[in-house]
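Chemist: Have a look at this prediction, sequence included:
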Amino acid sequence: MQSGITVLEDDVEIQTLTSVDRATIGETRVKRGAKIDSLCQIGHACVVGEDNIICGQTGLAGSTVLEENVIMAGQTGSSGHLTIHKNAIVWAHENQNNGATAVLHAYDATNLAHELYNTTQATGSRDQFGAGNKFITPTVAGGKVFVGTTNSVAIFGLLH
(Lines give C-alpha, C1' and ligand atoms only; values in the text may rest on other atoms or scores of the structure.)
Protein backbone atom coordinates (compact mmCIF):
# COMPACT_ATOMS: atom_id res chain seq x y z
CA MET A 1 0.00 0.00 0.00
CA GLN A 2 1.29 3.45 -0.90
CA SER A 3 0.93 6.21 1.66
CA GLY A 4 3.03 8.81 -0.17
CA ILE A 5 1.85 12.00 -1.82
CA THR A 6 2.74 14.34 -4.69
CA VAL A 7 3.04 18.08 -3.99
CA LEU A 8 3.02 20.73 -6.74
CA GLU A 9 3.91 24.17 -5.41
CA ASP A 10 2.89 27.57 -6.88
CA ASP A 11 3.72 28.57 -10.47
CA VAL A 12 4.65 25.04 -11.57
CA GLU A 13 4.15 24.23 -15.26
CA ILE A 14 3.88 20.64 -16.46
CA GLN A 15 3.34 20.00 -20.17
CA THR A 16 1.53 17.16 -21.94
CA LEU A 17 2.38 13.47 -21.65
CA THR A 18 4.55 14.00 -18.59
CA SER A 19 4.24 11.73 -15.57
CA VAL A 20 4.99 12.75 -11.97
CA ASP A 21 4.91 9.61 -9.81
CA ARG A 22 3.52 9.59 -6.30
CA ALA A 23 6.01 8.57 -3.63
CA THR A 24 5.60 5.15 -2.07
CA ILE A 25 6.22 6.72 1.33
CA GLY A 26 6.98 10.39 1.93
CA GLU A 27 6.47 12.77 -0.97
CA THR A 28 7.34 13.64 -4.53
CA ARG A 29 7.67 17.44 -4.68
CA VAL A 30 7.87 19.92 -7.56
CA LYS A 31 8.85 23.27 -6.07
CA ARG A 32 7.84 26.83 -6.91
CA GLY A 33 8.47 28.04 -10.44
CA ALA A 34 9.63 24.71 -11.88
CA LYS A 35 8.91 24.11 -15.58
CA ILE A 36 8.67 20.55 -16.91
CA ASP A 37 8.37 20.03 -20.67
CA SER A 38 6.43 17.32 -22.54
CA LEU A 39 7.30 13.62 -22.46
CA CYS A 40 9.14 13.67 -19.13
CA GLN A 41 9.12 11.14 -16.30
CA ILE A 42 9.58 12.25 -12.69
CA GLY A 43 10.07 9.17 -10.52
CA HIS A 44 8.69 8.48 -7.06
CA ALA A 45 10.09 10.53 -4.14
CA CYS A 46 11.93 12.97 -6.42
CA VAL A 47 12.37 16.65 -5.56
CA VAL A 48 12.40 19.14 -8.43
CA GLY A 49 13.86 22.37 -7.02
CA GLU A 50 12.71 25.95 -7.35
CA ASP A 51 12.94 27.52 -10.82
CA ASN A 52 14.23 24.32 -12.44
CA ILE A 53 13.75 23.70 -16.15
CA ILE A 54 13.41 20.12 -17.34
CA CYS A 55 13.39 19.85 -21.13
CA GLY A 56 11.50 17.24 -23.17
CA GLN A 57 12.15 13.51 -23.03
CA THR A 58 13.98 13.69 -19.71
CA GLY A 59 13.66 11.13 -16.93
CA LEU A 60 14.46 11.34 -13.23
CA ALA A 61 14.74 7.97 -11.53
CA GLY A 62 13.28 7.54 -8.04
CA SER A 63 14.53 9.68 -5.15
CA THR A 64 16.51 12.06 -7.38
CA VAL A 65 16.91 15.55 -5.89
CA LEU A 66 17.47 18.59 -8.08
CA GLU A 67 18.40 21.68 -6.09
CA GLU A 68 17.28 25.14 -7.27
CA ASN A 69 18.02 26.61 -10.73
CA VAL A 70 19.02 23.30 -12.34
CA ILE A 71 18.46 22.92 -16.08
CA MET A 72 18.17 19.39 -17.48
CA ALA A 73 18.71 19.34 -21.24
CA GLY A 74 16.41 17.33 -23.50
CA GLN A 75 16.79 13.55 -23.76
CA THR A 76 18.80 13.26 -20.55
CA GLY A 77 18.21 11.37 -17.36
CA SER A 78 19.44 10.52 -13.90
CA SER A 79 20.02 7.34 -12.02
CA GLY A 80 18.12 6.91 -8.76
CA HIS A 81 19.03 8.42 -5.39
CA LEU A 82 21.13 11.14 -7.02
CA THR A 83 21.41 14.79 -5.93
CA ILE A 84 22.26 17.48 -8.48
CA HIS A 85 23.41 20.53 -6.59
CA LYS A 86 23.01 24.14 -7.65
CA ASN A 87 26.07 25.40 -9.51
CA ALA A 88 26.85 21.86 -10.64
CA ILE A 89 28.94 21.01 -13.70
CA VAL A 90 27.16 19.25 -16.54
CA TRP A 91 29.30 16.69 -18.38
CA ALA A 92 28.34 15.68 -21.91
CA HIS A 93 29.96 13.91 -24.81
CA GLU A 94 29.92 14.61 -28.52
CA ASN A 95 30.81 12.33 -31.41
CA GLN A 96 32.79 14.05 -34.16
CA ASN A 97 33.81 12.74 -37.59
CA ASN A 98 31.04 10.10 -37.66
CA GLY A 99 32.05 8.78 -34.24
CA ALA A 100 35.76 8.50 -35.04
CA THR A 101 36.53 11.01 -32.26
CA ALA A 102 34.73 11.51 -28.95
CA VAL A 103 34.87 14.88 -27.19
CA LEU A 104 34.04 15.39 -23.51
CA HIS A 105 32.52 18.78 -22.59
CA ALA A 106 32.00 20.44 -19.18
CA TYR A 107 29.36 23.18 -18.86
CA ASP A 108 28.29 25.55 -16.11
CA ALA A 109 24.94 24.07 -15.00
CA THR A 110 23.43 27.52 -14.43
CA ASN A 111 24.36 28.67 -17.95
CA LEU A 112 24.77 25.91 -20.52
CA ALA A 113 26.13 28.43 -23.03
CA HIS A 114 29.23 28.72 -20.81
CA GLU A 115 31.56 25.85 -21.65
CA LEU A 116 34.16 25.35 -18.94
CA TYR A 117 36.30 22.74 -20.68
CA ASN A 118 36.46 20.25 -23.52
CA THR A 119 38.97 17.56 -24.38
CA THR A 120 40.15 19.31 -27.55
CA GLN A 121 41.61 22.24 -25.56
CA ALA A 122 44.72 20.56 -24.17
CA THR A 123 47.93 20.87 -26.18
CA GLY A 124 49.34 17.88 -28.00
CA SER A 125 46.02 15.98 -28.00
CA ARG A 126 46.67 15.12 -24.33
CA ASP A 127 42.99 14.73 -23.38
CA GLN A 128 41.66 13.04 -26.52
CA PHE A 129 40.42 9.59 -25.64
CA GLY A 130 39.43 7.72 -28.78
CA ALA A 131 36.41 6.74 -30.77
CA GLY A 132 32.94 7.54 -29.47
CA ASN A 133 29.59 5.85 -29.60
CA LYS A 134 26.06 7.07 -28.98
CA PHE A 135 25.75 5.39 -25.59
CA ILE A 136 28.59 7.17 -23.76
CA THR A 137 27.51 8.37 -20.31
CA PRO A 138 30.11 10.40 -18.41
CA THR A 139 30.09 9.26 -14.78
CA VAL A 140 31.45 11.29 -11.88
CA ALA A 141 32.84 9.42 -8.87
CA GLY A 142 35.49 10.32 -6.33
CA GLY A 143 36.20 13.67 -7.99
CA LYS A 144 37.02 12.09 -11.33
CA VAL A 145 35.04 11.76 -14.58
CA PHE A 146 34.94 8.29 -16.16
CA VAL A 147 34.07 7.98 -19.85
CA GLY A 148 33.70 4.70 -21.70
CA THR A 149 34.47 4.40 -25.40
CA THR A 150 34.12 1.51 -27.80
CA ASN A 151 37.21 -0.21 -26.38
CA SER A 152 38.44 1.61 -23.28
CA VAL A 153 37.64 3.79 -20.26
CA ALA A 154 39.16 7.26 -19.97
CA ILE A 155 39.55 8.89 -16.54
CA PHE A 156 39.73 12.67 -16.16
CA GLY A 157 40.62 14.54 -12.99
CA LEU A 158 43.46 15.92 -10.94
CA LEU A 159 46.43 13.62 -10.55
CA HIS A 160 47.69 13.16 -6.98
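Modeler: Received, thanks.
Chemist: Skipping adjacent residues, who's closest to Ile14 in space?
Modeler: What sits nearest to Ile14 in space, not counting adjacent residues and going by CB to CB, 6 or more residues apart in numbering, is Ile36, at 4.8 Å. Any C-beta I mention is one placed from the backbone N, CA and C, and that applies to glycine too.
Chemist: What separation do you get for that neighbour and Lys86?
Modeler: Distance of Ile36 to Lys86, given as CB to CB, to the nearest Å: 18 Å.
Chemist: More neighbours: which of these two?
Modeler: In this view Ile36 and Lys86 are compared by other CB atoms under 10 Å, and Ile36 has more residues nearby, 26 against 15.
Chemist: tell me which residues form a beta bridge with that one?
Modeler: For Ile36, the beta-bridge partners are Ile14, Ile54 (DSSP bridges).
Chemist: The residue nearest to Ile14 reaches Ser19, doesn't it?
Modeler: No: between Ile36 and Ser19 there is no contact under CB atoms under 8 Å: 10.0 Å.
Chemist: Show me whatever sits in contact with both of the two.
Modeler: Ile42 (CB atoms under 8 Å, 6 or more residues apart in numbering).
Chemist: Can you name the residues in contact with stretch 111-121?
Modeler: For stretch 111-121, contacts defined as CB under 8 Å, 6+ apart pick out 71, 73, 89-90, 102-108, 127-129, 156.
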